[in-house]
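In: Attaching a predicted model along with its sequence, questions to come.
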Amino acid sequence: MTEAHTHGADDLCGAGLSLYERALSDGWVSSADAKAAPCLVDHGLLYPAVADPGLLEPVAPAVALHRLLRASGARIADERRREERLAETFEPLMRIDGRRTGTSDTATITVVSGFDRINLAIAEVMAEASLEVLAIQPRRRSPESLDLNADALRRDQALLDRGGRIRTLYPHALRHQPAVLTRYEQLRGDAEARTLDEVTDRLIVIDRTVAFIPANADRTMALEVRHPALITQFVTVFDRLWHLATPMYPEAVREPSLNGIPPRQRAIASLLVEGHTDAVIADRLGMNVRTARVHIAKLAATLGSESRAQLGYLIGQSGILDPQA
């Protein structure tokens, strides 16, 4: 079975329906034609003709329907027998004194593995949400990975339609990224975005009851957190970062420069004097290394530096990192 036809008989593809209809009208189709819809043979809707193996004859729809319903009924019966066995197994266990075990509503931290399962878990929680989503979105390797797919937009719009709100923090490096702005222009409702020099790793808090955070470096695993104390901590951190951030949408605020040094270069200067490498600076500020080096070169030119060591000294002398600045 080809990848394009991995579906059940209850969800036949367009090619399969068209070919089955033709087979019913003509009484047969060629084996070559059937290659375009292998699902018909897989589901027993076509079978080789006795007189000519190169032809396929259709099974009558009533016969096919009866057979498929019978198979479906058998699966349902199997599930019911499985439920009975589970009930028989756990019924005596439930009579045991469980004072030393956790209750059914104990707050949990669950590991979710795989991008598809992570997205599904988020979607399921979002479907029940009605209040707000707080999100921190660090830099991704490509604009396409900014969670801009149609399903995500529909999910967010559904929350906004229910009267909820969305607050998202991005790094300054994404401030002028068209894909980010396009996302918010497509949403209708109380959606707002702000940016910071540096943000934490990805965080999503839904209705202040469930949070999702990465569980490994490549984000193929996530933690689904429902512990009230941890949720409160996440919300507190988000709120503090939010008040420090610069509005980006719906009304962007221009970041102020100081002595000709824009905010992004001041952030780079701060990390330079701490001794960080170009790669670390880029990662911390959500940009690629090439962009970070361009900003470092511009900063050096502005301050008149001719070396990395001299640049650190000139940054200190310039006063651009003074708290009152």
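Out: Okay, I see it. Numbering: from 1, shown residues only.

In: Now name the helix or strand holding the residue positioned nearest the centre of the chain.
Out: Among the residues of the chain, the one closest to the centroid is residue 119, at 4.9 Å (C-alpha atoms, centre = their mean). Using DSSP states H and E, residue 119 sits within helix 115-128.

In: mean confidence score for stretch 130-141?
Out: Stretch 130-141 shows a mean pLDDT of 83.

In: and that stretch, how far out from the chain's middle?
Out: The chain centroid and the centroid of stretch 130-141 are separated by 10 Å, computed with C-alpha atoms, centre = their mean, to the nearest Å.

In: isn't there a helix covering residue 321?
Out: No. Applying DSSP: H, G, I helix; E, B strand; the rest coil, one finds residue 321 to be coil, outside a helix.

In: For it, grab the count of nearby residues.
Out: 16 (other C-beta atoms under 10 Å). No exception for glycine: its C-beta is placed from N, CA and C like everyone else's.

In: returning to what we had before: could you say what helices and strands the helix holding residue 119 packs with?
Out: helix 150-161, strand 203-206, strand 210-214, strand 221-225 (3 or more C-beta pairs under 8 Å, 6 or more residues apart in numbering; DSSP states H and E).

In: circling back to that earlier point, in contact with the residue nearest to the centre of the chain, which residues are there?
Out: For residue 119, the contacting residues are residue 151, by C-beta atoms under 8 Å, 6 or more residues apart in numbering.

In: Report pLDDT for it.
Out: On the pLDDT scale, residue 119 gets 90.

In: cool, and residue 197?
Out: Confidence score, pLDDT, at residue 197: 82.

In: on that earlier part again, nearest to residue 71, of the helices and strands packed on helix 115-128?
Out: helix 150-161 (31.2 Å; C-beta to C-beta).

In: Taking helix 115-128 as reference, get the angle to the closest one.
Out: 20 degrees (axes from the mean of the first three to the mean of the last three C-alpha atoms, to 10 degrees).

In: Flag every buried residue along helix 150-161.
Out: 152, 155-157, 159-160 (16 or more other C-beta atoms under 10 Å).

In: So which of those sits lowest on pLDDT?
Out: Ranking the buried residues of helix 150-161 by pLDDT, residue 152 lands last with 84.

In: gap between that one and residue 208?
Out: The spacing between residue 152 and residue 208, counted by C-beta to C-beta, to the nearest Å, is 21 Å.

In: Now the helix or strand hosting residue 284: average pLDDT?
Out: Secondary structure assignment for residue 284, by DSSP H and E: helix 278-285. Averaging pLDDT along helix 278-285 gives 81.

In: and that helix, what other elements does it pack with?
Out: Against helix 278-285 (3+ C-beta pairs under 8 Å, 6+ apart) you get helix 263-273, helix 289-303.

In: Residue 179: which of those is closest?
Out: helix 289-303 (16.3 Å).

In: quick one: the following helix or strand past that closest one to helix 289-303, angle?
Out: Past helix 289-303, further along toward the C-terminus, the next helix or strand under DSSP H and E is helix 308-318. Helix 308-318 runs at 60 degrees relative to helix 289-303, counting by the same axes, to 10 degrees.

In: Mind listing what's buried along helix 308-318?
Out: 311-312, 314-315, 318.

In: cool, stretch 225-245 as well?
Out: Neighbour-count burial for stretch 225-245 flags 225-226, 231, 234-235, 238, 241-242, 245 (criterion: 16+ other C-beta under 10 Å).

In: And stretch 180-193, by the same measure?
Out: 180-181, 183-184, 191, 193.

In: re earlier: what angle sits between the helix holding residue 284 and helix 308-318?
Out: Going by the same axes, to 10 degrees, helix 278-285 makes 40 degrees with helix 308-318.
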